[in-house]
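1. quick one: sequence plus predicted model below, questions after.
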Amino acid sequence: MNISKVTNYIINQIHSPTFIEQHKFRIQDFTRDRILNFQILFVTIMRKSIKSLQIVLNELFMDGHIEKTVTNSAFTQARQKLSHTAFLELSKDIVAMQYDLSTLFRTVCLGTFFHFFVFYW
């Protein structure tokens with residue numbers, strides 16, 4: 001799998017208005033220009049840092065990704081607007097990109113043995 005292809009796909013998705021609309025809880029979420037917008041919030045969660053949340057948020061400010069510092073509470077409130085389905089959809093899409101969808105894998109159980117058949121379309 002080409003990493004740049006996956007990275008470009010993720011960037012395009014998280015900037016897509018349709019994707020954002022599908023993965024927010026309320027209609028009014030992510031409509032105003034906020035410091036923690038959908039993209040910043042999504043990428044920050046995806047980083048899965050082992051550092052404390054406040055240090056991660058301060059690094060976002062120091063690296064120039066956000067205009068001013070934000071609190072843990074602000075991050076938590078913004079996080080409540082983002083649905084977990086965004087992560088599920090991207091995960092499903094990336095897995096589909098990994099495997100060639102023109103090949104169909106089927107598993108047939110015969111007694112105690114499993115036989116794998118691959119059908120090419």
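-> Sure, I can see it. Residues are numbered from 1 along each chain as shown.
2. strands along the protein, start to end?
-> Taking DSSP state E as the test, the strands found in the chain are 103-110, 113-120.
3. and these, which one averages the lowest pLDDT?
-> Mean pLDDT is lowest for strand 113-120 among the strands of the chain, at a mean of 42.
4. distance of the residue lying closest to Q13 once chain neighbours are set aside relative to I10?
-> The shortest distance from Q13 to any non-neighbouring residue, by Cβ to Cβ, 6 or more residues apart in numbering, is to F19 (4.9 Å). For glycine as for every other residue, the C-beta is placed from the backbone atoms N, C-alpha and C. Taken as Cβ to Cβ, to the nearest Å, the spacing of F19 relative to I10 amounts to 10 Å.
5. got it, and K24?
-> Taken as Cβ to Cβ, the span from K24 to I10 is 17 Å.
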